[in-house]
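Asker: sequence and predicted structure are below.
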Protein chains: 2
Amino acid sequence: MEQLKNKINEDGHIIGDSIVKVDSFLNHQLDIQLFEAMGQEFYQHFVHKKVDKIVTCEASGIAIAAITAHFFGCNVVFAKKEVSHTMTNDYYTAPVYSYTKQKESIFRIDRRFIQPDENILIIDDFLANGEATSGLISIVTQAQANVVGIGIAIEKGFQPGGRSLREKGYDVKSLVIIDQIKENQINFR
Amino acid sequence: MEQLKNKINEDGHIIGDSIVKVDSFLNHQLDIQLFEAMGQEFYQHFVHKKVDKIVTCEASGIAIAAITAHFFGCNVVFAKKEVSHTMTNDYYTAPVYSYTKQKESIFRIDRRFIQPDENILIIDDFLANGEATSGLISIVTQAQANVVGIGIAIEKGFQPGGRSLREKGYDVKSLVIIDQIKENQINFR
């Protein structure tokens, strides 16, 4: 997706050889017009999959999922990482290690919100080692629903998550894939 | 807003005399068509305020803010509660106590993302004691920007946050105000 590549080149901030900070438009400040273009791309790719619901995780997947759901006319469910005292029901859970936060969290989705046989589109901002995505897949699978696709804004192609998911047969649509970050330059696939 | 009142009556779940769980449509599963109607209500109320940016906090404010921003054609910034190792910049901060999570968090917004004199609309899902909203106001004020309005989905009118903010002169638009929860019945204002 050229618009997202250009935005990363213009406003992304490279740290070392593995991190590109995109907090000015993707996961702290949110460029909603860009999100609308991203949502349309996901819609065009996955529309034939008869998506019933979009599943993501808090916090940075939520806005992309919400804007994408507008195109599909469906609801969103996001996995929660913290427990509040109003959370009294039964949950599907999956342990997920975050490399950027350097800690494990437990993803939780209320059992009422994913039904057996529903067609689920998973949406997230980043795919690197695939920890978060695999946690969401685990939850959807526990619910006996179908992962019909995985939509990612930025895939780090030099980390194994995307390849591993495609080898397992998942339809992974990454809007951009970064193959290498080297000498303050980003090489896109 | 009748549509939101009806949804709360149909799908809300009352716990005791102060909590109504709305996780099936507002803060865990997200009813995006309802969010679009909510966003339009906020737009109609605040459009004359020349909103430059919407500010909210993770996680449950993000989707409402993103959908509302679609109508305003503006960006969103959400306050973060956790620190990741890519967060290397300077932040405005505010300590915020959450009654539902029974702990204090620190709200953080990168100083680059709120400019002096910007017109900021604050959006959140709930207003009860006003802790989260006051934290966001503190951050916007530190940035020397203007809080031109506060848009809330559900205000608990029996808790002091809304009254206190209106007494300070803020334009608070709550889509519904709950005056009392009694004997498994919700009384709306």
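Answerer: Thanks, I have the structure now. Residues are numbered from 1 along each chain as shown, chains lettered A, B, ... in the order given.
Asker: quick one: the strands in chain A, in order.
Answerer: Using DSSP state E, the strands found in chain A span residues A:13-15, A:19-21, A:29-30, A:53-57, A:75-79, A:91-98, A:103-110, A:119-127, A:146-156, A:172-182, A:185-188.
Asker: which non-adjacent residue is nearest the residue most central in space within chain A?
Answerer: When C-alpha atoms, centre = their mean is applied to chain A, the residue found nearest the centroid is residue A:124 (1.1 Å). Excluding the flanking residues, the one nearest residue A:124 by C-beta to C-beta, 6 or more residues apart in numbering or on different chains is residue A:61, at 4.5 Å. C-beta coordinates here come from the backbone N, C-alpha and C atoms, glycine included.
Asker: please enumerate residues in contact with the lengthiest helix in chain A?
Answerer: Longest helix in chain A by number of residues (criterion: DSSP state H): helix A:32-46. For helix A:32-46, contacts defined as C-beta atoms under 8 Å, 6 or more residues apart in numbering or on different chains pick out A:1, A:3-4, A:7, A:25-26, A:63-64, A:67-68, A:70-72, A:121, A:123, A:148-149, A:151, A:153, A:171, A:173, A:175, B:66, B:69-70, B:73-76.
Asker: any idea of the mean pLDDT in that helix?
Answerer: The average pLDDT within helix A:32-46 is 98.
Asker: now do that helix and strand A:172-182, the angle between them.
Answerer: 120 degrees (axes from the mean of the first three to the mean of the last three C-alpha atoms, to 10 degrees).
Asker: so helix A:32-46 versus strand A:119-127, what angle?
Answerer: With the same axes, to 10 degrees applied, the angle from helix A:32-46 to strand A:119-127 works out at 130 degrees.
Asker: can I get helix A:32-46 as PDB, trimmed to CA atoms?
Answerer: What follows is helix A:32-46, C-alpha atoms only, in PDB (Å, rounded to 0.1, in the frame of the first residue of the first chain):
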ATOM      1  CA  ILE A  32      -7.900   8.600  10.700                       C
ATOM      2  CA  GLN A  33      -7.900   9.400   7.000                       C
ATOM      3  CA  LEU A  34      -5.000   6.900   6.600                       C
ATOM      4  CA  PHE A  35      -7.000   4.400   8.700                       C
ATOM      5  CA  GLU A  36      -9.900   4.800   6.300                       C
ATOM      6  CA  ALA A  37      -7.700   4.000   3.300                       C
ATOM      7  CA  MET A  38      -6.300   1.000   5.200                       C
ATOM      8  CA  GLY A  39      -9.800  -0.200   6.100                       C
ATOM      9  CA  GLN A  40     -10.800  -0.100   2.400                       C
ATOM     10  CA  GLU A  41      -7.700  -2.200   1.500                       C
ATOM     11  CA  PHE A  42      -8.600  -4.800   4.000                       C
ATOM     12  CA  TYR A  43     -12.200  -4.700   2.800                       C
ATOM     13  CA  GLN A  44     -11.200  -5.300  -0.800                       C
ATOM     14  CA  HIS A  45      -9.000  -8.200   0.100                       C
ATOM     15  CA  PHE A  46     -11.300 -10.000   2.500                       C
END
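Asker: quick one, it and strand A:146-156 angle?
Answerer: 130 degrees.
Asker: in helix A:32-46, what's buried?
Answerer: A:32, A:34, A:35, A:36, A:37, A:38, A:39, A:41, A:42, A:43, A:46 (16 or more other C-beta atoms under 10 Å in any protein chain shown).
Asker: just to check, residue A:130 is in contact with residue A:162?
Answerer: Yes. Shown here, residue A:130 and residue A:162 form a contact pair, counting by C-beta atoms under 8 Å, at 7.2 Å.
Asker: what about the nearest residue to residue A:28 once chain neighbours are set aside, neighbour count?
Answerer: Leaving aside its sequence neighbours, residue A:28 sits nearest to residue B:110 (C-beta to C-beta, 6+ apart; 5.9 Å). Summarising burial for residue B:110: neighbours were counted as other C-beta atoms under 10 Å in any protein chain shown, giving 19.
Asker: repeat for the one 4 residues further on
Answerer: By other C-beta under 10 Å, 22 other residues sit near residue B:114.
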